[in-house]
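K.L.:
Kindly generate the corresponding structure for this input.
(one chain, ligands or ions: 2)
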Amino acid sequence: MPSDRQERISDFVKPFRVEPGSKVSLEKDFDPAFKGGAGSKKEGKELLARGVQMLAEYQSRLYAQDTHGVLIVLQALDAAGKDGTIRHVMSGVNPQGVSVHSFKVPSSEELDHDYFWRYAQRLPGRGEIGIFNRSYYEEVLVVRVHPELLERQKLPRDSRGPGLWKRRFQEINNWEHSLTDNGIKIVKLFLNLSKEEQRTRFLRRIDLPDHNWKFSSADVREREYWNEYQTAFSEMLTHTSTDWAPWYVIPADRKWYARIAAGAVIVNALIDIDPRYPTIDEAARGALQKIKKTLETQAPPGAAADPFAASEDAD
Ligand code: AMP
Ligand code: MG
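P.N.:
Residues are numbered from 1 along each chain as shown. Ligands and ions are numbered 1, 2, ... in the order given. Sure, this is the predicted structure:
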């Protein structure tokens, strides 16, 4: 039986989920300024703190159980808040069990391999949470918007042509299916930013000296392709939201809301996995008791045989 809190989280994330098989038109179907279910910004802060705490507890169990891994895929346009979302949402977790990988323009060595190659090497292991800041989805996004990038991939002639994007969607779905079957849960978040909010954030990066480093004129050039990206995102969401790895479209115009929403989707996925601390059987428990006896006999004069048990008694 799910607890009340688990049900609330599951209800909260429903509006973000892309129903597998549905045809998505990003602009019509998802509002970047949506803020349902979280109350005010102040209430939102408390929600986020609770979410971060839940995430830490679940991560600890995931790590101990060592059976499932979680891959968080983050996609978005520039200035949508990928970095800030990672920083806030993962602020409470044990760094030992988390890795973050940012994918940039592929190197010549990477281009010498099939397109999954560089992503496969960075997958999280069992017990780990891995975050892809950009991912193999760039292979149907930036590469689709800029055909010259596809040229650089040196594909054989028979693998090019009009069916290429449909085939890539299928390949991605198959890859994610096999990862899921093997214990890697995939959580896909698309941070959905409006064109006007992107403009404001770029201006902020220009106006605030401490933020200048974040500004890249390349980002402004990419903005010229806004419509092409919206189409590519819609196609990606339509063809790669599956029962085993659905997409979640996170309203990103308010940073505080995007963080809560992203955190909730991740916690919801962990609730689904329901990782448990491993328990031990009678025989193993008996063996532990034997070792305990031996350790107790080694207590120096004046020390309690088992100081831990003694302090437990005192509580
Ligand atoms: P940033 O995330 O701002 O550091 O920028 C990384 C850059 O790498 C972006 O401009 C992406 O479009 C680009 N990029 C990421 N993955 C790929 C890819 N598979 N092919 C080509 N460009 C990519
Ligand atoms: Mg950038």
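K.L.:
Residue numbers of the protein in contact with ligand 1?
P.N.:
Applying C-beta under 6 Å from any ligand atom, we find that the chain lies next to ligand 1 at 102-106, 134, 138-139, 142-143, 149. All C-beta atoms are positioned from the backbone trio N, CA, C, and that covers glycine.
K.L.:
all helices for the stretch 151-300 of the chain, in order.
P.N.:
164-181, 195-207, 217-223, 226-240, 255-273, 282-297 (DSSP state H, counting those that start in this stretch).
K.L.:
Deepest-packed of the ones you listed, please.
P.N.:
The highest mean neighbour count among those, using mean count of other C-beta atoms under 10 Å, belongs to helix 255-273: a mean of 23.
K.L.:
Could you check the angle it makes with helix 195-207?
P.N.:
110 degrees (axes from the mean of the first three to the mean of the last three C-alpha atoms, to 10 degrees).
K.L.:
Centre of the chain to helix 255-273, how far?
P.N.:
Relative to the centre of its chain, helix 255-273 is centred 9 Å away, using C-alpha atoms, centre = their mean, to the nearest Å.
K.L.:
other SSEs contacting it?
P.N.:
Where contact means 3 or more C-beta pairs under 8 Å, 6 or more residues apart in numbering; DSSP states H and E, helix 255-273 is packed against helix 4-13, helix 41-65, strand 69-76, helix 82-89, strand 184-192, strand 247-251.
K.L.:
now N173, nearest residue through space, not along the chain?
P.N.:
Closest residue in space to N173, ignoring its immediate chain neighbours: T242 at 5.5 Å, by C-beta to C-beta, 6 or more residues apart in numbering.
K.L.:
how many neighbours does that neighbour have?
P.N.:
Here the count is done by other C-beta atoms under 10 Å, and T242 has 20 residues near it.
K.L.:
Assess the claim that it and E19 are in contact.
P.N.:
No: using C-beta atoms under 8 Å, T242 makes no contact with E19, being 10.6 Å away.
K.L.:
Give me the neighbour count for S311.
P.N.:
There are 10 residues near S311, going by other C-beta under 10 Å.
K.L.:
what's the distance between it and ligand 1?
P.N.:
50 Å (C-beta to the nearest ligand atom, to the nearest Å).
K.L.:
Figure out the helix or strand that that residue lives in.
P.N.:
Secondary structure assigned from DSSP states H and E places S311 in helix 307-314.
K.L.:
any idea of the mean pLDDT for that helix?
P.N.:
Per-region confidence: helix 307-314 scores 74 on mean pLDDT.
K.L.:
Verify the stated contact: I186 with S178.
P.N.:
No: using C-beta under 8 Å, I186 is not in contact with S178, being 11.0 Å away.
K.L.:
before we move on, back to that, could the helices of the stretch 151-300 of the chain go into CSV alongside mean pLDDT?
P.N.:
Shown next, in CSV, are these (pLDDT from 0 to 100):
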stretch, mean pLDDT
helix 164-181, 98
helix 195-207, 97
helix 217-223, 95
helix 226-240, 98
helix 255-273, 97
helix 282-297, 96
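K.L.:
so which of the ones you listed comes closest to A79?
P.N.:
Of all the helices of the stretch 151-300 of the chain, the one in closest proximity to A79, counting by C-beta to C-beta, is helix 195-207 (4.1 Å).
K.L.:
The nearest residue to A304 once chain neighbours are set aside: neighbour count?
P.N.:
Leaving aside its sequence neighbours, A304 sits nearest to A310 (C-beta to C-beta, 6+ apart; 4.4 Å). The local packing of A310 (other C-beta under 10 Å) involves 11 other residues.
K.L.:
quick one: A310 from K290, how far?
P.N.:
Distance from A310 to K290, counting by C-beta to C-beta, to the nearest Å: 20 Å.
K.L.:
Any idea how far apart the tips of stretch 93-103 sit?
P.N.:
22 Å (C-alpha to C-alpha, to the nearest Å).
K.L.:
Assess the claim that I250 and G263 are in contact.
P.N.:
No: at 10.0 Å, I250 does not count as touching G263 under the criterion of C-beta under 8 Å.
K.L.:
hang on, the earlier thing: okay if I get the helices and strands packed on helix 255-273 as CSV plus distance to Y257 and mean neighbour count?
P.N.:
Output for the helices and strands packed on helix 255-273, formatted as CSV (distance: least, C-beta to C-beta, whole Å; neighbours: other C-beta atoms under 10 Å):
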stretch, distance to Y257, mean neighbour count
helix 4-13, 11, 15
helix 41-65, 6, 17
strand 69-76, 14, 23
helix 82-89, 11, 19
strand 184-192, 11, 24
strand 247-251, 6, 25
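K.L.:
Between the ones you listed, which one is closest to A283.
P.N.:
helix 41-65 (20.3 Å).
K.L.:
Now do that closest one: which elements does it pack against?
P.N.:
helix 82-89, helix 255-273.
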